[in-house]
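Colleague: sequence first, then the predicted structure:
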Amino acid sequence: MEFADLGLSPDTLRAVTDAGYLTPTPIQAQAIPVVLMGRDVLGVAQTGTGKTAAFTVPMIDILADGRSKARMPRSLIIAPTRELAAQIAENFIKYGKYHPLSMALLIGGGSFTDQEKALDRGVDVLIATPGRLLDLYERGRILLNDAKILVIDEADRMLDMGFIPDVERIVSLLPKMRQTLFFSATMDKEIRRLADQFLMNPKEIAVTPAASAATTI
Ligand code: AMP
């Protein structure tokens with residue numbers, strides 16, 4: 001399987017090639033075509049499997065058409081930690097280098113003024129930790145009714161960190177008609193309950209951790 005077989009645009013393929021990737025990892029090969037079709041995904045994959053590119057790369061092509069309005073992000077990615085959120089942002093910069101997409105990163109510790117300014121300009125991709133996102137929502141700085149793609153990354157860590165009530169609140173603010181991509185390293189009962197609540201007829205993709213992914217890379 002080659003990146004060129006997955007249905008990506010020439011510009012996105014070029015950015016992936018520039019990143020030095022020769023072949024897609026198993027989660028990328030399985031998820032990218034499904035995401036491009038607009039379907040929900042339930043991905044069971046750990047860090048190191050290439051899961052971040054599995055959602056960021058196709059999102060760039062989906063978001064390439066259309067324009068953002070002030071304070072109304074077109075897509076939302078929630079991640080449990082600042083570090084993970086920042087890594088996802090780096091992925092968008094790397095793979096989105098040939099697309100003029102705008103992005104904002106809302107994480108604790110960053111300046112409120114800068115984050116509010118970015119939101120006011122309108123963003124295609126909003127990447128946030130749950131607490132900071134709700135904080136800005138309560139201040140009336142964000143509307144989520146135009147966010148038609150939602151990614152929940154590392155759901156199991158959100159659970160461990162006690163963020164699930166915040167995540168449920170955030171999801172309730174998004175439109176019901178949306179595409180949802182949900183990733184977790186594990187799939188226990190509580191995670192399965194959340195997946196059932198947030199996803200519609202998802203394609204389930206489970207890949208084994210690093211070792212087998214590494215041999216494929
Ligand atoms: P992730 O699992 O998303 O944290 O990615 C783990 C690492 O694999 C990151 O450093 C990526 O840059 C790298 N990576 C992602 N996709 C590929 C690929 N198709 N080929 C080689 N490396 C990759």
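Modeller: It's in.

Colleague: alpha carbons only for contacts and neighbour counts from here, please
Modeller: Will do.

Colleague: next to the ligand, which bits of the chain? Give me the list.
Modeller: With CA under 6 Å from any ligand atom as the criterion, the chain meets the ligand at residues 21-25, 47-53, 217.

Colleague: from the residues you listed, which land in helices?
Modeller: When DSSP state H defines the helices, the subset of the residues of the chain next to the ligand inside them is 51, 52, 53.

Colleague: what's the closest of those to residue 98?
Modeller: If you rank those by distance to residue 98 using CA to CA, residue 53 comes first, at 15.6 Å.

Colleague: next, count neighbours for the closest one.
Modeller: For residue 53, the number of neighbouring residues by other CA atoms under 10 Å comes to 22.

Colleague: is it true that it touches residue 91?
Modeller: Yes. Taking contact to mean CA atoms under 8 Å, the distance of 6.9 Å between residue 53 and residue 91 places them in contact.

Colleague: most neighbours among the residues of the chain next to the ligand, please name it.
Modeller: Per-residue neighbour counts (other CA under 10 Å) across those peak at residue 25, which has 26 neighbours.

Colleague: thought residue 50 was touching that residue, still the case?
Modeller: Yes. Here residue 25 lies in contact with residue 50, judged by CA under 8 Å, at a distance of 6.2 Å.

Colleague: counting contacts, what elements does the longest strand along the chain pack onto?
Modeller: Ordering each strand of the chain by length in residues (DSSP state E) puts strand 179-184 first. Contacts defined by 3 or more CA pairs under 8 Å, 6 or more residues apart in numbering; DSSP states H and E place strand 179-184 against strand 41-44, strand 149-152, helix 155-160, helix 189-198.

Colleague: out of these, deepest packed?
Modeller: Stretch with highest mean neighbour count among those: strand 41-44 (a mean of 24; mean count of other CA atoms under 10 Å).

Colleague: so what touches that one?
Modeller: Under the contact criterion CA atoms under 8 Å, 6 or more residues apart in numbering, strand 41-44 has outside partners 27, 31, 34-35, 180-187, 195, 199, 202-207.

Colleague: for residue 53, give me its contacts.
Modeller: With contact taken as CA under 8 Å, 6+ apart, residue 53 is in contact with 28, 91.

Colleague: burial measure for residue 2, as a count.
Modeller: As a burial measure, residue 2 scores 10 neighbours (other CA under 10 Å).

Colleague: now do the nearest residue to residue 163 once chain neighbours are set aside against residue 166, distance only.
Modeller: Closest residue to residue 163 apart from its sequence neighbours, by CA to CA, 6 or more residues apart in numbering: residue 130 at 7.1 Å. Using CA to CA, to the nearest Å, one obtains 6 Å as the distance from residue 130 to residue 166.

Colleague: next one: residue 11
Modeller: Computed with CA to CA, the distance linking residue 11 and residue 166 is 36 Å.

Colleague: what does residue 71 give?
Modeller: Taking CA to CA, one finds residue 71 at 20 Å from residue 166.

Colleague: can you pull out the helices in the protein?
Modeller: Using DSSP H, the helices found in the chain span residues 10-18, 26-36, 51-63, 82-95, 112-121, 130-138, 155-160, 164-172, 189-198, 210-216.

Colleague: now the ones you listed in JSON lines, with mean pLDDT and distance to residue 3?
Modeller: Shown next, in JSON lines, are the helices of the chain (pLDDT from 0 to 100; distance: least, CA to CA, whole Å):
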{"stretch": "helix 10-18", "mean pLDDT": "97", "distance to residue 3": "7"}
{"stretch": "helix 26-36", "mean pLDDT": "98", "distance to residue 3": "8"}
{"stretch": "helix 51-63", "mean pLDDT": "98", "distance to residue 3": "11"}
{"stretch": "helix 82-95", "mean pLDDT": "97", "distance to residue 3": "13"}
{"stretch": "helix 112-121", "mean pLDDT": "91", "distance to residue 3": "32"}
{"stretch": "helix 130-138", "mean pLDDT": "95", "distance to residue 3": "32"}
{"stretch": "helix 155-160", "mean pLDDT": "97", "distance to residue 3": "27"}
{"stretch": "helix 164-172", "mean pLDDT": "97", "distance to residue 3": "31"}
{"stretch": "helix 189-198", "mean pLDDT": "96", "distance to residue 3": "28"}
{"stretch": "helix 210-216", "mean pLDDT": "47", "distance to residue 3": "13"}
